[in-house]
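In: Sequence first, predicted coordinates after that:
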Amino acid sequence: MIELKNDRLVFSFPEVHPEAKCSIEFQRTLRIPDDNREYNLPPGFGCFPLFHVDDYKDTVPETWLARGGVFLPMYQAEAMWIYLHGSYPMAIKVAAGKIDAVTGEDWKNKLTRKPQDYLVVPDQPWLDGFNVDEGLIRQFVAMPLGEGYTAEEQLTGEAEHGGVQIIAFPMKRTEYDKLSHEDIYLTDSAPIDMCVGEADMEMGLAPGGLMRQEIFEDTYGFNVWERDVSSRCYVHIANSVQYFGLTGEEPPTQLPDAQSYTNAGLPWFKYYDSDQTALEGAKKLANLDSVAAKKVKKGKGVLKGNDPVKPKVVKKLRKRKLVREGEF
């Protein structure tokens with residue numbers, strides 16, 4: 001079951017366990033410079049607003065109605081990261097235009113162990129982009145379908161799907177009950193704070209700048225997941241003009257560029273979990289052209305607002321230390 005609550009997608013599986021829930025939200029963020037330098041994590045500027053496709057059935061494209069789900073507004077070349085939180089373990093697959101963001105393979109409605117094509121909640125608190133190397137991603141950047149920028153078009157040669165696809169698989173109840181009786185204390189990943197204060201053209205996600213982020217290996221084991229129980233959601237991306245046409249509302253104001261943000265002395269972030277092992281990058285994704293590189297190849301000049309930055313303030317994000325309850 002999937003519900004939309006306060007601009008979050010809430011996946012729940014009461015048939016598996018009453019606590020089998022997790023939430024996913026899409027965070028607005030700075031587009032980091034696309035210059036092949038490695039950057040730390042930019043901040044979140046709050047959730048993108050999410051809307052039920054079915055509530056706008058008279059104005060959305062017919063393909064959206066067929067796929068259902070929700071939609072959100074993004075400007076061209078705007079960036080996002082995906083926030084994952086929940087205390088009940090889940091295996092989450094994320095795809096951009098039916099291209100798996102972890103492996104670069106075509107979308108499958110099932111889990112694959114080798115190579116691991118999913119993220120594990122609560123171990124993985126967020127995903128900022130395409131997994132291109134161990135400890136490195138290329139940022140999710142919104143670009144119009146049909147111009148060759150998106151990961152989908154570069155790998156399949158077609159601009160068919162766009163948007164983001166998500167599917168969640170809960171941990172088996174028996175496995176969760178084992179964890180709750182061991183000296184393992186699961187924690188919701190949400191409290192990490194990284195926040196600081198053309199009309200009919202559909203949008204997809206393209207690879208942007210390089211960012212330091214580890215995608216963690218599944219430490220629970222492949223057989224713990226309830227692989228026959230899942231929920232999936234299609235997240236459509238509307239550009240600013242299309243969004244106004246659908247809702248009659250103006251999209252959120254555009255964010256500052258990375259240079260302006262950095263010059264103001266505002267923080268970037270660094271996160272590292274020494275208890276986790278990072279997955280290797282996907283060769284298919286590593287070979288994609290970034291937005292800036294593709295723009296040059298197409299003879300359209302350089303990407304605007306893409307000057308290198310040197311963050312002056314980098315805050316370390318620490319994993320929470322829990323207090324163990326003893327016997328008394």
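Out: Looks like it came in fine.

In: Buried ones in stretch 139-156, by neighbour count?
Out: 139-145, 147-155 (16 or more other Cβ atoms under 10 Å). For glycine as for every other residue, the C-beta is placed from the backbone atoms N, C-alpha and C.

In: which one of the residues you listed is nearest Val120?
Out: Checking these against Val120 by Cβ to Cβ gives Phe140 as the nearest, at 19.4 Å.

In: so what's the closest one bridging to?
Out: For Phe140, the beta-bridge partners are Met80, Pro207 (DSSP bridges).

In: Might one say that it is in contact with Met80?
Out: Yes. When contacts are counted by Cβ atoms under 8 Å, Phe140 is listed as touching Met80 (5.1 Å).

In: Now list whatever residues contact both of these two.
Out: Jointly contacting Phe140 and Met80 under the rule Cβ atoms under 8 Å, 6 or more residues apart in numbering are Leu205.

In: could you give the mean pLDDT of the helix or strand containing Phe244?
Out: Using DSSP states H and E, Phe244 sits within helix 240-247. Mean per-residue pLDDT for helix 240-247: 88.

In: next one: stretch 112-122
Out: Computed over stretch 112-122, the mean pLDDT rounds to 95.

In: circling back: looking at the buried residues of stretch 139-156, which is nearest Ile2?
Out: Ranked by distance to Ile2 (Cβ to Cβ), the buried residues of stretch 139-156 are led by Phe140 at 20.8 Å.

In: Angles on the backbone of the residue most central in space within the chain, please.
Out: For the chain, Ile82 is the residue whose C-alpha lies nearest the centre (Cα atoms, centre = their mean; 3.1 Å). Backbone torsions of Ile82, given as degrees, to the nearest 10, read phi -110, psi 120.

In: the strands in the stretch 1-150 of the chain, which residues?
Out: 2-5, 8-12, 21-29, 38-39, 44-47, 51-52, 70-73, 79-85, 90-96, 99-100, 119-121, 126-127, 129-133, 136-144 (DSSP state E, counting those that start in this stretch).

In: Neighbouring strands - and their directions - for the second one?
Out: What that stands for is strand 8-12. Strand 8-12 sits in its sheet next to strand 2-5 (antiparallel), strand 21-29 (antiparallel), going by DSSP bridges.

In: Alright, that wraps it up for me.
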